[in-house]
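Asks: sequence below, structure please.
(chains A and B)
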Amino acid sequence: MTHDQSFTNQKFKLVGSRVNRPDGVDKVTGRAKYGADASAPGQLVALFLRSPHAHAKIKKLDTSKAEKLAGVKAVITSADLPDHTAGAQLDVLENCMARDRVLYDGHAVAAVAAIDKETAKKALKLIKVSYGKLPHVTDVDEAMRPGAPLVREDIFTRGVDPKPTEPSNVCKVSTFGHGDIEAGFDEADVIIEKSFKTEQTHQGYIEPHACLASVGPDGNGELWVTTQGHYTYRTVCAALLGMDMAKLKVTSSEIGGGFGGKTHVWIEPIALALSRKANRPVKAVMTRDEVFKASGPTCSTSMDIKIGAKKDGTITAGSAHIRYQDGAFRGQWGQLGAMTAFACYDLKNVQSVGYDVLVNRPKVAAYRAPSAPMAAFGVESTMDLVAEAIEMDPVTLRIKNAAKEGTRASYGPTYGPIGIGPTLEAAKNHPHMRAKLKKNQGRGMACGFWFNFGGQTCTDINISADGTVNLTLGTVDVGGSRASMSLICAEELGIPYDQVKANIADTSSLGHNDTTEGSRGTFSSGMATIFAAREAIEEMKERAAQTWDIPVEEVEWVEGEARAIGQKNDNLPPLTLKDIAARAAATGGPIAGHNEVVADGAGVSFASHICDVEVDPETGGTRIIRYTVIQDAGKAINPDYVEGQFQGGAAQGIGWALNEEYIYGDDGRLQNAGFLDYRIPVCSDLPFIDTEILEIPNPNHPYGIRGVGETSIVPPLAAIGNAVSNAAGVRMTHVPMSPPRILKAIEEAEA
Amino acid sequence: MQVNLTGSLRSSANGEAVVEISASTIRELLSKLLETYPGMEEHMELGIAVSIDGEIYRDSPSKKLPAGSEIFLLPRLQGG
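Replies: Reported below is the predicted structural model:
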């Protein structure tokens, strides 16, 4: 059945209310099962041997002594894995297990499955690896310099004409924009040019990567895993290991944070390979050190931003050259940064060029609105400098140039209805903007953009004999979607919220669902839930018609019950969902609704943030005094969770802006792979983060939903950068703005 | 119809920002682009999205391309 996904301005009874989360009790009592909480009889423990070098040839790898150790049941190196050379999955597998050379500190070279951890540790010590060290490079700008050590010899720059004949660390150049930027800069009264840097950060999810893998000699396998996308894990693992997808059942555990880092496989294919070799279940859990070194943090960046404006505030041209490091494997992060850099603004002349650059660091993965926060830091900081130069209020400057419906986006297409203007107006009128600041305090604001997307989704609704409802979803719940989906299901069926039980299905129970990324969960699963519920309603109308022995055309569904239409049916009392469910066995059997959809047409999302900070000029330490997030949600299904997403993005952004940083030594090794030396914010670092939800409906969703999970991390680096710069009296251009960097900037300004 | 190319895609169409292709669906559009510009294959392998009048489609090859609509070829997006 084809359903219309257009916005209908439906009036709601339940949607928009604040309900208890169905997973709340399990999570606060410890009953919830996360990635490391599953066990199986006879399970083995997997441990990984990892490279101590940033870049080296593997000259010799001898596992024979480890294999002979009592209690060791399997040892895996790249020689045990399929050779995907030149295949689409080569990068993925080579990252999970190095082939002929290691590409970063922490790159796995072998894995062991043994009867216990102690035996596995002993076995790792018995593996002999002979390395031939190679020159390395970990800084994005250094990696682009002529003569820089080559991370890979098989990468040639894409996106340039003619095609290069020499390999390069620059794997892709992506140019976006329109108009004539030179003419635009010629029109400007003021031109500001500035360079910025941001350091590499990790998503910082509290739960490490963990899984329990089991593969039998018949080729059937199971994987219990913490992931944002168990269907994607199934697809990738089956392809990497040559398994039949239908014979690999993947179940997603509860997830202790992902933020993009659990969209890729890391240890999971190796755990499956170990299990297949040992013919025993294998449990693998990363240490925090491994999470930092060998999962997928976000990029470090370097960029040059140039903005020209007239004295009246009209921006005449904007250009950005942004350089993002992808780790040791090809990515699209610089490209995404180039697409998002100027997306908030209506510019006649704009050009952004993104460079994706290889370095000897771990493979970069998505991190919440990947690439957008760094580009926003550069552009939004420069916007404040433009405002200062033309003596205009920074919010007014942004409002004057804000994109609107009909604006051609800097990355190409023309916008439909969007919320950047309203979020900026709300910021301008917010009481936060009028609050007085004290000595050493400063205020900053910034805005941000993220695309959002939808994708493949499949949902089932099964109505039990007692009238309660099982809602079966395949989109992993990373931020409370079971509550939101239950609200939507209850709204459509006309039953109380607590009569719906939402479950996340394993991969054998439901058709493919894309990974929970791109803020797609509520948008796409919400759409599939609406359509599945409506199919169930059609079925219930049929059952009511049978019960009454009237044509189904004479049955309507209103407020959770079937009603017979027309005067001749006046004697037929309504049948509630409960009544119909109780009679299901006698009217045709189980009652279900199902929907599969490719939920394209996700609406883009914008946010404006305001931040007050206090900078201690003696220590360079920064305290966040007040923080406000204003964002367009399209429609907030469960406002508590929408606010939680706004606050979570801001909190992560605060850590990124002020403290978090991968620090590499001259030897190319990570110096701070632990939470003591890599400091994420704790509660005492944060003020209450105030929120304001705007609802500008997405025309391509029946309820008007837009994704909300990612945009909230886009403005913080810039909002805090502007606030710190105003408080310290010196422009900050390097994130994180840690105390030593702030002190140095103050001292340099004074000198 | 006019198809706008963005990012690194332009390099595989002789640097052109706009190309003329006659197609009624996304599937046909991508197929004809590949015929005309074989160099696009490496970009399509990494993923492509098509924007029709401002709405981005990643997985809808049967989607119709209305006459006169604004078409942009974009890289397939990734999210967190």
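Asks: and the strands in chain B, which stretches?
Replies: B:2-5, B:18-20, B:48-52, B:55-57, B:71-75 (DSSP state E).
Asks: looking at those strands, which is buried most?
Replies: Most buried of the strands of chain B, by mean neighbour count (mean count of other Cβ atoms under 10 Å in any protein chain shown): strand B:71-75, with a mean of 24. In short, each C-beta sits where N, CA and C put it, glycine included.
Asks: can you list the strands that that one pairs with?
Replies: strand B:2-5 (parallel), strand B:48-52 (antiparallel) (DSSP bridges).
Asks: to residue A:28, which of the strands of chain B lies closest?
Replies: strand B:55-57 (38.8 Å; Cβ to Cβ).
Asks: is chain A contacted by that closest one?
Replies: Yes - for strand B:55-57 and chain A, the contact criterion (Cβ under 8 Å from any Cβ of the partner chain) is met by B:55, B:56, B:57.
Asks: now render the strands of chain B as JSON lines, adding mean pLDDT.
Replies: Below are these laid out as JSON lines (pLDDT from 0 to 100):
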{"stretch": "strand B:2-5", "mean pLDDT": "95"}
{"stretch": "strand B:18-20", "mean pLDDT": "94"}
{"stretch": "strand B:48-52", "mean pLDDT": "93"}
{"stretch": "strand B:55-57", "mean pLDDT": "88"}
{"stretch": "strand B:71-75", "mean pLDDT": "95"}
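Asks: a markdown table for these, including distance to residue A:746?
Replies: Shown next, in a markdown table, are the strands of chain B (distance: least, Cβ to Cβ, whole Å):
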| stretch | distance to residue A:746 |
| --- | --- |
| strand B:2-5 | 47 |
| strand B:18-20 | 50 |
| strand B:48-52 | 45 |
| strand B:55-57 | 44 |
| strand B:71-75 | 41 |
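Asks: how much space between residue A:640 and residue A:90?
Replies: To residue A:90, residue A:640 is 44 Å away according to Cβ to Cβ, to the nearest Å.
Asks: same thing with residue B:33?
Replies: If you go by Cβ to Cβ, the gap between residue B:33 and residue A:90 works out to 26 Å.
Asks: neighbour count for those two, which is higher?
Replies: Higher neighbour count among residue B:33 and residue A:90: residue B:33, with 24 against 17, using other Cβ atoms under 10 Å in any protein chain shown.
Asks: let me see the contact set for the more buried one.
Replies: When contacts are counted by Cβ atoms under 8 Å, 6 or more residues apart in numbering or on different chains, residue B:33 touches B:3, B:19, B:21, B:40, B:73.
Asks: returning to that earlier point: closest to residue A:398 out of the residues of strand B:55-57 next to chain A?
Replies: Sorting the residues of strand B:55-57 next to chain A by distance to residue A:398 puts residue B:56 at the head of the list, at 24.4 Å, by Cβ to Cβ.
Asks: wait, a helix at residue A:95?
Replies: Yes - the assignment for residue A:95 (DSSP: H, G, I helix; E, B strand; the rest coil) places it in a helix.
Asks: okay, now the spatially closest residue to it that is not a sequence neighbour: neighbour count?
Replies: Of all residues not flanking residue A:95 in the chain, residue A:363 sits nearest, at 4.8 Å (Cβ to Cβ, 6 or more residues apart in numbering or on different chains). Residue A:363 has 24 neighbouring residues, counting by other Cβ under 10 Å.
Asks: relative to chain B, how far out is residue A:363?
Replies: For residue A:363, the distance to chain B equals 13 Å [Cβ to the nearest Cβ, to the nearest Å].
Asks: touching, that residue and residue A:297? I think so.
Replies: No - counting by Cβ atoms under 8 Å, residue A:363 stays clear of residue A:297, with 9.1 Å between them.
Asks: tell me the residues that contact both of these two, please.
Replies: Common contacts of residue A:363 and residue A:297, defined by Cβ under 8 Å, 6+ apart, comprise residue A:327.
Asks: residues of chain B that sit close to chain A?
Replies: With Cβ under 8 Å from any Cβ as the criterion, chain B meets chain A at residues B:4, B:6-8, B:10-11, B:14-15, B:39, B:42-43, B:45-46, B:51, B:53-60, B:63, B:70, B:72, B:74-75, B:77-80.
Asks: buried ones among those residues?
Replies: Buried by 16 or more other Cβ atoms under 10 Å in any protein chain shown: B:4, B:6-8, B:10-11, B:43, B:46, B:51, B:54-60, B:63, B:70, B:72, B:74-75, B:77-80, out of the residues of chain B next to chain A.
Asks: next, the buried residues of the lengthiest helix in chain B.
Replies: Looking only at chain B and at elements set by DSSP state H, the helix with the highest residue count is helix B:26-36. Across helix B:26-36, burial judged by 16+ other Cβ under 10 Å covers B:26, B:28, B:29, B:30, B:33.
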